[in-house]
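Q: Need coordinates for the below:
(chains A and B)
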Amino acid sequence: MFRRGFTILGMAIRNRPEPFALGALGAALYGGMTVASATVIGSVTDRVVIPAFEASVVDSGLLVVGVALVLGVAILKAAGVFWRRYGAHLMQQGLQAHYRRQVTRQYLELPIAWHRRHSTGQLLSNANADVESAFFTIAPLPMSIGVLVMLVATAALLVVTDPFLTAIGFVVWPILAFVNWKYQHSMQAVATEAQQLRADVSGVAHESIDAALVIKTLGREGAETERFRGWSDGLRDKMIELGRIRGYFDPIIEGLPNLGIMLVLAVGAWRVQTSGLTTGDLVEFAYLFGLLGLPMRVFGWMLGELPRSVVGWERVEQVLRAEAEQRFGTASGDGRAGADVGLEQVVFTHPDSGHTPGHRAHAHDQASERGLTGVSFDVEAGTTIAIVGPTGSGKSTIAALLVRLFDPDAGGLLFDGTDLRDLARSELSDHIAVVFQEPFLFDDTVGDNITLGGGFSDEQVREAAALAQADGFIEQLEAGYATRVGERGATLSGGQRQRIALARGLIRRPRLLVLDDATSAVDPAVEERILRGLKDAELPFTVIVVAYRRSTIAMADQVVFVENGQVSAQGPHQELHDTVRSYRELVTAYDRRQAV
Amino acid sequence: MPGVTTTVPSTDGRRTNPWETVKRGLALSPELRVGLGWTVVLALIATLGRAVVPIAVQRTIDVGLGGGGGPIDLGATVRIVALAGLAVLLTAGTSGAMNVRLARTVETALSSLRVGTFRHIQDLSMLHQAAEQRGALVSRVTSDIDEISRFMQWGGVNLITSAGQLLVAVAVMAVYSWRMTLVVLATFVPFVAATRWFQVRLTVAYRTVRQRVGELLGILAEVVVGAPVVRAYGIESRTQGRLDAAISNHYQASVTAGRLSSSLSGLGELYAASATAAVLVAGVLWVAAGQLTPGTVTAFFFLVTLFVQPVRIASETINEAQTAVAGWRRVLDVLDIEPDVADPGEDGRAIPPGPIAIRFDHVSFAYPMVPAERDDPSSYARAPLGPTVLHDVDVDIAPQTRVAVVGETGSGKTTFAKLLTRLMDPVQGAVRLNGIDLREVTFQSLRDRVVMVPQDGMLFDGTIAENVRHGDPGLSDERLEVAFIELGLMEWIESLPDRFGTEVGERGTELSSGERQLVAVARAYVADPDLLVLDEATSAVDPATEVRLQRALAGLTRGRATVTIAHRLSTAEAADEVLVFDDGVLVQRGTHGQLVDDASGPYATMHAAWRSGSASLR
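A: Coordinates of the predicted model:
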């Protein structure tokens, strides 16, 4: 653990050499001047204070020198303190910013399949809390160098001054260092558990407060409170344990230097009597023991933080080392109007996903059985097909594969005859657009949520919004297209969010548009206008819609019927309706009910 | 909006007396006062112990060493040092005991405050639990209370012992020499002014850092949650640009704060030195005049460090104290919100047994205006009412009826459902079930008899079986399976890898949105209510399954009533009775057949629009 911890420190120093040098020099200055201040106090006592007492006369020259020394040492010490802290700060913040950039770059680089294997909370903490804790040890790093300087200087002073005082120092300081280390060591395990419990309490609170409506409608407030109490009390017990450990160690660490001072006074007095030790020497070391107590803690602190830093770094490194890179080809997807699309024996199983900490791990590789088991169909350029199937049959998976959120385990998806994996990265998003069932809006303006930073004119934005039947409500918003939608579009209704997401797909005029039940929350009458509008606009795109409703199916030239991860029939609606019983039962369920 | 005051000063800016907050906080957590007396006594002893070293130094030099030049009395020195050593040990013991006691008291009190606040949040009406405030509510029971805990155990103790140390240092100095004390205090004045200057800027700098952290986390969350959109639209470089900017802003703000706090530390050193220099000059002059002993001057060197240390700690802790008090106040603010839809509890009545008849008695409803501070949950309590969204709805629904409620978004149909399940109370009029005003019905009876499935049926991280058991905690495995057979969902269950033991993942994200709705419906089904309210609860489910579900849910054999807020008119076609809402008014009611026949009515128009989409198919 320590070796890895020091490796991280070494890497941090190589990564940020200049701030480290500033901090280390500042710390050395600080350490030297701390010892010097005690020496000044000691010699001032001997040469100014005691002579003044004995002779009742003040040597004003010496007094001025004394004052100048006290102030001069203090100015240097203050400069040392500033650079020590500021250097550490620059180093720590610089490293954090650097690795935050690296981690988030990696997030944008890694395939969605990788994302799915990790929970949201874990990814957030990798980029934030873990980066932070990886470099916690940087803050005390220069200080510990300063303390080393102090200890060496003190030891040297003790050795040249008096062997007996030296013995005291060499007994007290190692004990203090050991207790400090022991303290942090005992704290560490409990503190880590407390940290985990704090995250768990937060997780339960998040889940429970998000589900407040469900809890209320089922009358489960009491049961939920008891569940929360369980976690909260767990955290309480850990915190009390931490308090107990602190209660044991803190007083020892505070008391030891004071006991050292007592020893210095007793032994020092004897040495003043028996050898050449002066009162000033005695004052100097007593003073020095007092000054050293607090900085000594920094060692224990730094060593104690090392394990946490190692854990944080390892988590960060896991992200940085992840190699599930998605490869892209160089092929162009250019072409006129809609593209031919084909799926050839596509097999796909969902990756196992990550679980939330604090909850049980998945008992089995549960996702392994769900997915696509060999899906083939072709879509002619410029036509519209509907993918229809029962809940959980794999429709959305096909939509996700079409924009390469995932790649198939076997088989391939063809875009104008080119395998999707051979298309260049930008070609893919230039020519294929998907509108998801659950629209995701960024905390940005309505207009920017439609353009996503692409260079579209206001005219184009309005056109796309009009086609998505979104222009009406957008213009009624406070600031129209410049209205901010809030976090995840919280200020808009589900249907409004879906329409903005639809406009986002339409404005790109892709050669393939994939709509994954993209109007499920829109009012039927509005949905009807959207569908009619899309039809009337005679868009040149190839369109693939995932839907259940006949109004949507009506748009399609062809229907692909999916059951249990396979295409069980393909053809025009009427044909499937007449020949495939399960299809007929699915789409006409509403009509048949009337007869019941 | 003229004439309506919705602007509430922000929580942080609201000027409330911090002592008031602390007093109310203490009153709400009586556990904090348990054994407080002893803890204070222990703290006092621990603080007095800080004076041991300077006194020992003075006694050793003046008595043991005869003022530095006189005869040396080793016996006296040993006596002094032994006594002082004992005192050091004693104070160490007491300060340890104080820490342990404090941790126990504080954490016990805060855990019950945390749980109490959690329960209070669950008891608030859904208006206070609106989506955009949930994050804020969560932080009330997490980071805000952590903030208080951290302060009480670290900063708070530091602040109190520092104040004590300051007093002890001054007292000891005054006993030694009041004139020297004045000298030390005089050097203190410019330092206070300078510290104050830094402090003001530091407060601003830290606030900026916190804002930047918030912005960074916001964008980070977007990148993680919105990863599929980022990928599908190829906006990686734009997104990276936003992230980089947020990271740089945070870095800049942190560095500025770091520069200020490092300067403040340097300043502390300068102050210690100038006080020492002043002590030296004044001390030497008075020693020469025979008015002070050398031991006293030396003791003052030690006392100065004793005096400066707490000043520095206190100036750092003041910030923490402000944060903790602000956190405490935010918790209290949430506890201050009266649950506006409250359980009548003991005074309440049960809904009379038998099939449920619904009566809306001239019911009107208006939401409170959305306050300026949306993320301050307490502001809703103070907000005036906005426009009326449900106008004088007066309707009787016979027991055992299947009701469909239709209308466009914003027509008031969801409001109707929320009033029916008492998620909100009417502004005017009353909702009665079997003749009893809902406001008089105990929650126990209400939730037993009436269950609603909201559109977004949140699932909990766990298995399908665990999620369904939220509807009926004692449900046996057999009954669970029977319920799914009755709902026609066994085929779906069989398609899952672990059947009922399949993990649904965080918020149910392992399942598709249609599948989540299936679990939510099953959860309500096993609760076996007499009135079931479905608010677009099957909007993402395929038509065949939806029809099967609704047939099972209607539970015709056991006399259950269902009210379905319908998005698709197919539901209305199958209902016994349809209620049509338009712009907050109940405009039509009757059977589907009756309503379609009224060709000029709104229902017929809606139905025609809905049908036209599919007309071309048949």
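
Q: Have a look at chain A and report its longest helix.
A: If you go by DSSP state H, chain A has its longest helix at helix A:221-274.

Q: where does the chain have low pLDDT?
A: Assuming you mean chain A. Scanning chain A for pLDDT under 70 picks out the ranges A:1, A:324-325, A:351-370, A:487-491, A:590-596.

Q: ah, no, chain B please
A: Those would be B:1-16, B:67-70, B:126-135, B:154, B:312, B:315-316, B:319, B:369-383, B:555-558, B:610-618, if you go by pLDDT under 70 across chain B.

Q: Tell me which residue of it lies closest to chain A.
A: Residue nearest to chain A within chain B (CB to the nearest CB): B:Ala103, separated by 2.0 Å. For the C-beta atoms, the positions are set from N, CA and C on the backbone; glycine is no exception.

Q: Skipping its backbone neighbours, what lies nearest B:Gly93 in space?
A: Excluding the flanking residues, the one nearest B:Gly93 by CB to CB, 6 or more residues apart in numbering or on different chains is A:Pro251, at 6.7 Å.

Q: And that neighbour, how close does it get to A:Tyr183?
A: Between A:Pro251 and A:Tyr183 the computed distance is 11 Å (CB to CB, to the nearest Å).

Q: Also B:Val521?
A: For B:Val521, the distance to A:Tyr183 equals 55 Å [CB to CB].

Q: and if you look at B:Thr293?
A: As judged by CB to CB, B:Thr293 and A:Tyr183 stand 39 Å apart.

Q: again, but for B:Val331
A: Distance from B:Val331 to A:Tyr183, by CB to CB: 32 Å.

Q: which one of those two has more residues nearby?
A: Shown here are B:Val331 and A:Tyr183; by other CB atoms under 10 Å in any protein chain shown, B:Val331 has more neighbours (25 against 22).

Q: in the stretch 251-400 of chain B, which spans are strands?
A: Secondary structure of the stretch 251-400 of chain B (DSSP state E, counting those that start in this stretch): strands at B:358-368, B:385-397.

Q: which of those sits most buried?
A: Ranked by mean neighbour count, these are led by strand B:358-368 with a mean of 18 (mean count of other CB atoms under 10 Å in any protein chain shown).

Q: who touches that one?
A: Residues outside strand B:358-368 that contact it (CB atoms under 8 Å, 6 or more residues apart in numbering or on different chains) are B:127, B:380, B:383-397, B:412, B:415-416, B:419-420, B:424, B:426-433, B:435, B:531, B:561, B:563.

Q: The same query, at a cut-off of 7 Å, please.
A: With CB atoms under 7 Å, 6 or more residues apart in numbering or on different chains as the contact definition, strand B:358-368 has outside contacts at B:127, B:380, B:383-397, B:415, B:419-420, B:424, B:426-433.

Q: for stretch A:153-172, same thing?
A: The contact list for stretch A:153-172 (CB under 7 Å, 6+ apart) reads A:31-32, A:35, A:256, A:260, A:263-264, A:267-268, A:271, A:277, A:281, A:285, A:288, A:292.

Q: Off-centre distance for the top helix by length along chain B?
A: When every helix of chain B is counted residue by residue (DSSP H), the longest turns out to be helix B:236-288. How far helix B:236-288 lies from its chain's middle: 33 Å, per CA atoms, centre = their mean, to the nearest Å.

Q: Kindly report the same for stretch B:536-550.
A: Between the centre of stretch B:536-550 and the centre of its host chain there is 36 Å, according to CA atoms, centre = their mean.

Q: Also stretch A:316-331?
A: Distance, centroid of stretch A:316-331 to centroid of chain: 18 Å (CA atoms, centre = their mean).

Q: Pick out the residue of the stretch 351-500 of chain A closest to chain B.
A: When you check the stretch 351-500 of chain A against chain B by CB to the nearest CB, the closest residue turns out to be A:Ser429, at 2.6 Å.

Q: next one: chain A
A: Counting by CB to the nearest CB, chain A gets nearest chain B through A:Gly243, at 2.0 Å.

Q: I'd like the next helix or strand past whichever strand or helix holds B:Ala205.
A: Taking DSSP states H and E as the criterion, B:Ala205 maps to helix B:178-225. Per DSSP H and E, the first helix or strand lying C-terminal to helix B:178-225 is helix B:227-232.

Q: Quick one: list the elements packing against that following helix.
A: Helix B:227-232 sits against helix A:112-116, with contacts defined as 3 or more CB pairs under 7 Å, 6 or more residues apart in numbering or on different chains; DSSP states H and E.

Q: Residue numbers of the stretch 351-500 of chain B in contact with chain A?
A: Neighbours of chain A within the stretch 351-500 of chain B, by CB under 7 Å from any CB of the partner chain: B:408-409, B:421, B:423, B:443, B:447, B:451-452, B:454, B:457-458, B:460-461, B:470-471, B:473, B:492, B:495, B:497-498.

Q: and these, which are buried?
A: Neighbour-count burial (16 or more other CB atoms under 10 Å in any protein chain shown) is assigned, among those, to B:408-409, B:421, B:423, B:443, B:447, B:451-452, B:454, B:457-458, B:460-461, B:470-471, B:492, B:495, B:497-498.

Q: Restricted to helices, list the residues you listed.
A: Checking those against DSSP H, those in helices are B:443, B:447, B:492.

Q: OK, contacts around B:Thr239?
A: B:Thr239 makes contact with A:108, B:223, B:230, according to CB under 7 Å, 6+ apart.

Q: Would you reformat the strands of the stretch 251-400 of chain B as TSV and include distance to B:Ile351?
A: Formatted as TSV, the strands of the stretch 251-400 of chain B follow (distance: least, CB to CB, whole Å):
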stretch	distance to B:Ile351
strand B:358-368	11
strand B:385-397	15
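
Q: Other residues contacting the helix or strand that contains B:Ala522?
A: Per DSSP H and E, B:Ala522 falls inside helix B:513-527. Helix B:513-527 has contacts (CB under 7 Å, 6+ apart) with A:218, A:391-392, A:437-438, B:451, B:453, B:457, B:459, B:464, B:467-468, B:470-472, B:475, B:483-484, B:487, B:489, B:492, B:504, B:508, B:532, B:537-538, B:540-542, B:549, B:553.

Q: swap in stretch B:191-211?
A: Stretch B:191-211 is contacted from outside by B:253-254, B:256-257, B:260-261, B:263-264, B:267, B:271, B:315, B:319, using CB under 7 Å, 6+ apart.

Q: Quick check: buried residues in that stretch?
A: In stretch B:191-211, counting by 16+ other CB under 10 Å, buried: B:191, B:195, B:198-199, B:201-202, B:205-206, B:208-209.

Q: So which residue is dead centre in chain B?
A: Geometric centre of chain B, nearest residue: B:Arg140, 2.1 Å, by CA atoms, centre = their mean.

Q: Give the burial count for the spatially closest residue to the residue of chain B closest to chain A that is not a sequence neighbour, as a bare number.
A: Spatial nearest neighbour of B:Ala103, excluding adjacent residues (CB to CB, 6+ apart): A:Gly243 at 2.0 Å. By the criterion of other CB under 10 Å, A:Gly243 has 20 neighbours.

Q: dump the residue contacts of A:Gly243.
A: A:Gly243 makes contact with B:99-100, B:102-104, B:153 under the criterion CB under 7 Å, 6+ apart.

Q: And B:Pro353, by the same measure?
A: So B:Pro353 contacts nothing (CB under 7 Å, 6+ apart).

Q: Verify the stated contact: B:Thr105 with B:Val34.
A: Yes - with contact defined as CB atoms under 7 Å, B:Thr105 reaches B:Val34; the gap is 6.2 Å.
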